[in-house]
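[1] kindly generate the corresponding structure for this input.
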Amino acid sequence: PYIDKPIDWSSINMYQLTDEVITKVIPYIDKKENRFKGRRWYSWTEFVAPGPQPPIIMMSHSWTGRFRDFMSVIDKLYKENGLSVNASVWICTFANCQFGERFGNSLVECPFLKALDKVEKTVLVIDRNADSLTRSWCGLELHYSLVEDKDLQLYTSAGRVGSSKVSSGALVDEIMRYDIRRTEAAEAAFRRQILNFIGGQSETAGLKTEGERELVVIDGRPQLEDEKVDESHPSRANGLPEYSYEAEMFKKYRDKFDELNVRVRMEVMATIGRAQKSKGCTADLAHRGIALGQLRAFTRRVKASCSSSCLPRSWEALTMTEVVSKVIKPACEKRNCSYTELVTNTPVCPRVVVACPSQMIFQNVMSSIEWLAEAMQLEDSAALWNFSFSVNQTSQEDFKGGDGAAPFLAALNECEALVLVADSEEQHTRRLW
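    The predicted structure follows:
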């Protein structure tokens, strides 16, 4: 998709980096293709390093994630762990030879698990689309790290999961739903081999073999022995029907797969900890900031309630006005307060005022706020001021004097920034304060 098109820094991923830099620069600089016997050229690490560089950390990641975000993780990892600039980490894109790497006849012989045997820690990089949570190879690295009792840390571009910067949000939610059975690999045979390994049975089961159970490998890839599908089983994450072999394996070794899923989720729960119960507070208009984490929790509850008897509206069509009338007002009527005062323990000065049309789709508003949080690297505790949440919707108390703009002006005197969220509807844009 990027042929004959410029690739900008904000979007380049590991696939593009490999195709456009690694596999082009090395042959351009070194014309001798067979410098090492039985190999075409070598890895980028071998190209730039003066000698062997034993790694102390293994980076597990998806190649579809943005390289920019990946480097943000690297920077934070080194800073937060007090690592020297000479400390080495193992990254498959740079450590493996991209002109053809030998993966061996079993997974324990592959470069990934060999690297894990050497390092002290594994870092799983959760890219913005959470693709690393859908990759079977990343699942294998998680499994092996936990079995070998390696220190496991999860990072997003905003920081370590569980820190004050990353204890809520869409990516944390994705981790909590992690399921190794829903992962995919570029080759179905590799996926089967990995699932065999995690399930604790022979890697070669369900794969073509010859001689003493040696895998039949074509172009470096094992081959499926049986490609029958089970139409009655839920489809794979890629939409294709599940193979009968895998469907049966999921039943037979269910405990093994569930154990991995639970351990990954526990890594998150253990670092995030338990949320404190709010007692509520009374605050003036200018100090009714709602924490980003609280707003995310509210969004999860609303989404879960959509299309039910209490909120008979689809998540994709729910407007801000409906959120106020169906959710916020009923919750705040008893105390006659704003939603912010209901869920916070003390008055909070907002960092950002977020203005949006009342008829805008709530899902789109929250998507915009998530983009804002990513761009500004906002912590979960960062406070936002929004009319729907910060103004008392059950009475006219906050509109004394008849000035409809008064609540906004009060908040603007305290905040650092104003963000206007708009969509393509002209009438919505005209109504922005």
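
[2] where exactly do the strands run in the stretch 201-350 of the chain?
    Assigned by DSSP state E, counting those that start in this stretch, the strands in the stretch 201-350 of the chain fall at 209-210, 214-215, 217-218, 221-222, 290-291.

[3] pLDDT at the closest residue to Leu142 other than its chain neighbours, what is it?
    Counting by C-beta to C-beta, 6 or more residues apart in numbering, Leu142 lies nearest to Val264, which is 5.9 Å off, once chain neighbours are set aside. C-betas here are computed from N, CA, C, even on glycine. On pLDDT, Val264 comes in at 90.

[4] also Lys277?
    The per-residue confidence score, pLDDT, reads 65 for Lys277.

[5] quick revisit: and the residue nearest to Leu142, what does it touch?
    Leu142, Leu146, Ile175, Tyr178 (C-beta atoms under 8 Å, 6 or more residues apart in numbering).

[6] how about the contacts made by the last one?
    By that I understand Tyr178. Leu133, Asn261, Val264, Arg265.

[7] mind doing that once more with 6 Å?
    Going by C-beta atoms under 6 Å, 6 or more residues apart in numbering, Tyr178 touches Leu133, Asn261, Val264.

[8] distance-wise, check the closest residue to Glu248 other than its chain neighbours relative to Phe250.
    Setting aside the residues directly before and after it, Glu248 is nearest to Asp230 in space (C-beta to C-beta, 6+ apart), at 7.9 Å. Using C-beta to C-beta, to the nearest Å, one obtains 10 Å as the distance from Asp230 to Phe250.

[9] just flag the most distant two among the contacts of Val264.
    The largest distance within the contacts of Val264, taken as C-beta to C-beta, falls between Leu146 and Ile175 and amounts to 14.3 Å.

[10] who's more crowded, the two?
    Neighbours of Leu146 and Ile175, each counted by other C-beta atoms under 10 Å, are more numerous for Ile175; the result is 21 against 17.

[11] in the protein, what spans have low per-residue confidence?
    1-3, 271-277, 309, 399-406, 425-433 (pLDDT under 70).

[12] thinking again about what came up before, my read: the residue nearest to Glu248 touches Glu246, true?
    No - using C-beta atoms under 6 Å as the test, Asp230 is too far from Glu246 to be in contact (8.2 Å).

[13] quick one: which of those two has more around it?
    In this view Asp230 and Glu246 are compared by other C-beta under 10 Å, and Glu246 has more residues nearby, 21 against 15.

[14] residues in contact with the residue most central in space within the chain?
    Central residue check for the chain by C-alpha atoms, centre = their mean: the C-alpha nearest the mean position is that of Ala130, 3.3 Å away. The neighbours of Ala130, taking C-beta under 6 Å, 6+ apart as the test, are Leu171, Glu174.

[15] and the gap between it and Arg296?
    For Ala130 relative to Arg296 (C-beta to C-beta), the value is 15 Å.

[16] over to Ser10?
    In this structure, Ser10 and Arg296 are 24 Å apart, going by C-beta to C-beta.
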